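Visitor: 3D model of this:
(chains A and B)
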Amino acid sequence: MTRALETAGGWLLAILWVLPLAYALWAAVHPSEFSVRFVPTAPLTLANFEAAWNAAPFARYFVNTVLLVTLILGAQLVLCTLAAYAFARYEFPGRDLAFALVLVQLMVMPDVLIVENYRTMAQLGILDSTLAIGLPYMASAFGIFLLRQTFKTIPKELDEAARVEGAGALQVLWKVYVPLARPVYIAFGLVSVSYHWNNFLWPIIVTNTVNSRPLTVGLQVFSSVDQGIDWSIICAATLMTSAPLLLAFLLFQRQFVQSFMRAGIR
Amino acid sequence: MNRVTAQVHGWLLLLPAAVLLAVFTHYPAGATLWHSLFSTPKPSRPAVFVGLDNYAAMLEDPVFWESLANNLWFALGTIPVSIGLALLMAIWVNGRLAGRGFLRLAYFTPTVLPMIAVANIWLFFFTPQYGLLEQLTGSLGLPNHNWLGSRNTALGCLVVVTIWKEAGFFMIFYLAALQAVPPNLYEAARIEGAGAWTVFRRITFPLLMPTTLFVLVNAVINSFRLVDHIVVMTKGGPDNATSLLLYYIYDVGFKFWDSAYAAALTLVLLVILGASALIQFVFLEKRIHYR
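Guide: This is a model prediction of the structure:
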């Protein structure tokens, strides 16, 4: 009895949860006169995607976003690995204070420091560039914390054995620590890529041309400038911008869920 | 390797990340306070020291107070419901329900979508006349209502969208915690003849307390950090009814270009975030003593 009730409740909530996306899909693959008429015989079409693709430089936005997430993730992996190694395995004066200062970023994220960071980017003369969008996020406190916890669980004997064989600090890091922390790197990578693919407020502030705009900002410019445009095309554009992440998620669902779990357990 | 070399190596490894953190987190946090004590520089007049004038203006600014109040209502509206739903979702997905793979997929999908895309989809749902909600209420014979254009319902619409987006994300943390509960606890409870509700209240819920705290802090931060959907759906309107603190900062800083006042507003936001960090710290301390 309770089981049946729970199953019904679970399914009801799930259907409620997929409805908005299912609706967007419906509107995107049907001509606009069917966008609120749900007849099963409505003809399928890809014209909305074509119209959206041609109406704005989405190809350029895609390139910008891919560059952006690659730049951020690449920098994060290098910077966070080095810093995490220092915190996990080195004794140096001011270490605990430095670590506390790193953790400050978990609360005071770049997302809320928009006014001062904009001023800094203007002074550096790099407004409206992919670098300007990425810089505030490159030293990720979250990444440093996550990797430090992982490195701390790796037995010191492995480290010492490698050093006895004459490996330097960076060699030990690369040969011993990085391979053993692989699942954590995958988890952090997925979380980082989905965060920055979807990020919006800071990019819309710091960019103002097609040259640097990521997809999220491009989508907003597209759907707010063309007021008269029909919903089917906006839905198509919306799905298009989310498609790579959505497809990756549907294909590697287990990895995604486990990565978000791993990143959350501290 | 001697001690001094090790110390130097440690600092060298830390240096690149430390420089970026200092420039883009610590410096701007400090500069926020500093710049809030000056006037906004204009081409004709450079910034001059004005002391607490910006803060005095803030106390007199009805939009600031409204944004702050909206933000509190927004937090109160989103946090308890999304945490409650997240817990429910996690229990369902972790249980033996039919089709739990699909349920997990359905609950989690909003998390990987950009908020900006989500807001676009929901915008159509709430649109007057053509929108899905209007069609639905119309077919039930209810009068027309402009959901996003009315002061009474606009913030509520944003709350709904946020809950839809966030609940599945929080579910993940509960799911991880549920899978870590030792099964022998449940067996013992069954032998004692405890009902499902008693098991939840006496075993599951207490064991999930640390997770609830973690999720709670994240939810509080998010309610002060996420304003993407406001840009798409309401632009803070109608008549500031959906302006949240960060959205107001964005307006003041990048539409009115009043950077000094925006700095003063940012400081209020930083104090709120700092206070929630402190609360988390105090609670975590307690938990450690409890153990």
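
Visitor: which ones are touching the closest residue to B:Phe169 other than its chain neighbours?
Guide: Excluding the flanking residues, the one nearest B:Phe169 by Cβ to Cβ, 6 or more residues apart in numbering or on different chains is B:Thr111, at 4.4 Å. In this view, the C-beta of every residue, glycine as well, is placed from N, C-alpha and C. By Cβ atoms under 8 Å, 6 or more residues apart in numbering or on different chains, the contact set of B:Thr111 is A:Ser194, A:Phe260, B:Lys165, B:Glu166, B:Gly168, B:Phe169, B:Ile172.

Visitor: most neighbours, which of those residues?
Guide: B:Ile172 (28 neighbours; other Cβ atoms under 10 Å in any protein chain shown).

Visitor: helix/strand/coil for the residue nearest to that one when sequence neighbours are not counted?
Guide: Closest residue to B:Ile172 apart from its sequence neighbours, by Cβ to Cβ, 6+ apart: A:Phe260 at 4.7 Å. Recorded secondary structure, A:Phe260: helix (DSSP: H, G, I helix; E, B strand; the rest coil).

Visitor: picking up where we left off before, quick check: the gap between the residue nearest to B:Phe169 and A:Pro57.
Guide: 28 Å (Cβ to Cβ, to the nearest Å).

Visitor: from the contacts of B:Thr111, which ones fall inside strands?
Guide: Using DSSP state E, no member of the contacts of B:Thr111 sits in strands.

Visitor: Pick out whichever of those sits closest to A:Val63.
Guide: Taking Cβ to Cβ as the measure, A:Val63 lies nearest A:Ser194 of these, at 18.6 Å.

Visitor: give me every residue that touches the closest one.
Guide: A:Leu245, B:Thr111, B:Val112.

Visitor: Neighbours of B:Leu216, how many?
Guide: 18.

Visitor: and if you look at the one 10 residues further on?
Guide: Look at B:Leu226: counted by other Cβ under 10 Å, it has 22 neighbours.

Visitor: Hmm, it is touching B:Pro114, no?
Guide: No - B:Leu226 lies out of contact with B:Pro114 (Cβ atoms under 8 Å); the separation is 11.6 Å.

Visitor: Can you pull out the low-pLDDT segments for the stretch 101-250 of chain A?
Guide: A:225-229 (pLDDT under 70).

Visitor: Okay, helices next: where are they in it?
Guide: A:114-124, A:130-138, A:141-152, A:156-164, A:169-172, A:178-180, A:182-198, A:201-206, A:215-225, A:231-251 (DSSP state H, counting those that start in this stretch).

Visitor: I'd like to know which of those helices lies nearest to B:Ser243.
Guide: helix A:201-206 (14.3 Å).

Visitor: Mind giving me the packing neighbours of that closest one?
Guide: helix A:114-124, helix A:130-138, helix A:215-225, helix B:228-233, helix B:245-254 (3 or more Cβ pairs under 8 Å, 6 or more residues apart in numbering or on different chains; DSSP states H and E).

Visitor: is chain B contacted by the second one?
Guide: I take that to be helix A:130-138. Yes - judged by Cβ under 8 Å from any Cβ of the partner chain, helix A:130-138 comes into contact with chain B through A:Leu135, A:Pro136, A:Met138.

Visitor: Among those, name the buried ones.
Guide: Taking 16 or more other Cβ atoms under 10 Å in any protein chain shown as the criterion, what is buried in the residues of helix A:130-138 next to chain B is A:Leu135, A:Pro136, A:Met138.

Visitor: What is the nearest of the residues you listed to B:Arg100?
Guide: So of these, ranked by how close each gets to B:Arg100 (Cβ to Cβ), first place is A:Met138, at 38.5 Å.

Visitor: distance of the closest one from A:Asn64?
Guide: 17 Å.

Visitor: quick one: contacts for B:Ala119?
Guide: So B:Ala119 contacts B:Val161, B:Asp228, B:His229, B:Val231, B:Val232, B:Met233 (Cβ under 8 Å, 6+ apart).

Visitor: from the residues you listed, which is closest to chain A?
Guide: B:Asp228 (4.4 Å; Cβ to the nearest Cβ).

Visitor: contacting residues around that closest one?
Guide: Applying Cβ under 8 Å, 6+ apart, the residues near B:Asp228 are A:Phe200, A:Leu201, A:Thr216, B:Pro114, B:Met115, B:Ile116, B:Ala119.

Visitor: Going by distance to A:Thr41, which of the residues you listed wins?
Guide: B:Ala119 (31.2 Å).

Visitor: Tell me where the model's unsure across chain B.
Guide: For chain B, the ranges with pLDDT under 70 are B:1, B:284-291.

Visitor: Quick check: which element contains the residue positioned nearest the centre of it?
Guide: Taking Cα atoms, centre = their mean, the centroid of chain B lies closest to B:Asn222, which sits 1.4 Å from it. B:Asn222 is located in helix B:209-225, with elements delineated by DSSP states H and E.

Visitor: Stretch A:242-255 near chain B anywhere?
Guide: Yes - judged by Cβ under 8 Å from any Cβ, stretch A:242-255 and chain B are in contact via A:Ser242, A:Leu245, A:Leu246, A:Phe249, A:Leu250, A:Gln253.

Visitor: helix, strand or coil for the nearest residue to B:Ala189 once chain neighbours are set aside?
Guide: Among residues not flanking B:Ala189 along the chain, B:Val199 sits closest, at 4.9 Å (Cβ to Cβ, 6+ apart). What three-state DSSP gives for B:Val199 is helix.

Visitor: do you know how far B:Val199 is from B:Leu207?
Guide: Distance from B:Val199 to B:Leu207, by Cβ to Cβ: 11 Å.

Visitor: for A:Leu113, same thing?
Guide: 37 Å.

Visitor: same deal with B:Thr32?
Guide: In terms of Cβ to Cβ, B:Thr32 sits 40 Å off from B:Leu207.

Visitor: which one of the two has more residues nearby?
Guide: Counted by other Cβ under 10 Å, B:Thr32 and B:Leu207 do not tie: B:Thr32 has more neighbours, with 22 against 15.

Visitor: ok, now which ones touch the residue nearest to B:Ile172?
Guide: Contacts of A:Phe260 by Cβ under 8 Å, 6+ apart are A:Ala187, A:Leu190, A:Val191, B:Thr111, B:Phe169, B:Ile172.

Visitor: What's the separation between the last one and B:Asn218?
Guide: Shown here: B:Ile172 relative to B:Asn218, a distance of 11 Å by Cβ to Cβ.

Visitor: mind checking the longest helix of chain A?
Guide: helix A:58-89 (DSSP state H).

Visitor: who does it touch, helix- and strand-wise?
Guide: Going by 3+ Cβ pairs under 8 Å, 6+ apart, helix A:58-89 lies up against helix A:95-107, helix A:130-138, helix A:141-152, helix A:182-198, helix A:215-225, helix A:231-251, helix B:3-21.

Visitor: now those helices in JSON lines, with distance to B:Asp251?
Guide: Output for the helices and strands packed on helix A:58-89, formatted as JSON lines (distance: least, Cβ to Cβ, whole Å):
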{"stretch": "helix A:95-107", "distance to B:Asp251": "23"}
{"stretch": "helix A:130-138", "distance to B:Asp251": "21"}
{"stretch": "helix A:141-152", "distance to B:Asp251": "28"}
{"stretch": "helix A:182-198", "distance to B:Asp251": "22"}
{"stretch": "helix A:215-225", "distance to B:Asp251": "16"}
{"stretch": "helix A:231-251", "distance to B:Asp251": "24"}
{"stretch": "helix B:3-21", "distance to B:Asp251": "28"}
